[in-house]
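Q: When you get a sec, could you give me coordinates for this:
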Amino acid sequence: QVQLVESGGGLVEAGGSLRLSCVASGRTFSNYYMAWFRQTPGKEREFVAAISWGGSSTYYADSVKGRFTISRDSAKKKVYLQMNSLKPEDTAVYYCAADMNPKATMSRVSYDYWGQGTQVTVSS
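A: Just a heads-up that it's a prediction; the model follows:
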């Protein structure tokens, strides 16, 4: 079992930046693939980015490639999402997710553990 807590959300103008953090507690952090998803009202939760156990592999949704960067710090048991050049369409609740061996890295159903979410609002 692993518990996840996100932070770092807020209100930012278009073109600005935010860094989200997710701290994990419980079992060995390095055993988990980590990912970020986001969700807006009335829509399904969508994949944003993922990072492999040791951080050597990263994956991004096309909509955020070149603007967002996922990273992890095993010593701190944290995963980060650096978001640059934010757009109003990035507005959503962002969720941190974890799984020991996700069958499909970009699929929300592959992740067993979720945080409570943090709101990101980008104004135009």
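Q: Beta-bridge partners for the residue nearest the centre of the chain, please?
A: Taking C-alpha atoms, centre = their mean, the centroid of the chain lies closest to Trp36, which sits 2.1 Å from it. Assessed by DSSP bridges, Trp36 has beta-bridge partners Ala49, Cys96.
Q: Pull up the gap between it and Leu86, please.
A: Distance check for Trp36 against Leu86: by C-beta to C-beta, to the nearest Å, it reads 14 Å. Heads up, the C-betas are built off the backbone N, CA and C, glycines and all.
Q: Is it correct that the residue nearest to the centre of the chain is in contact with Thr69?
A: No: in this structure, Trp36 is not within contact of Thr69 by C-beta atoms under 8 Å, at 10.7 Å.
Q: quick one: common contacting residues for these two?
A: Residues touching both Trp36 and Thr69 (C-beta atoms under 8 Å, 6 or more residues apart in numbering) are Ala49, Leu81.
Q: Run through the helices of this protein in chain order.
A: In the chain, no helices are defined using DSSP state H.
Q: Buried residues, stretch 101-110. List them.
A: Buried residues in stretch 101-110, counted by 16 or more other C-beta atoms under 10 Å: Pro102, Thr105, Met106, Arg108, Ser110.
Q: same deal with stretch 41-59?
A: Buried residues in stretch 41-59, counted by 16+ other C-beta under 10 Å: Arg45, Phe47, Val48, Ala49, Ala50, Ile51, Trp53, Tyr59.
Q: pLDDT and distance to Ala24 added to those residues, as a markdown table?
A: Shown next, in a markdown table, are those (pLDDT from 0 to 100; distance: C-beta to C-beta, whole Å):
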| residue | pLDDT | distance to Ala24 |
| --- | --- | --- |
| Arg45 | 97 | 19 |
| Phe47 | 98 | 19 |
| Val48 | 98 | 17 |
| Ala49 | 98 | 16 |
| Ala50 | 98 | 15 |
| Ile51 | 98 | 12 |
| Trp53 | 93 | 13 |
| Tyr59 | 97 | 19 |
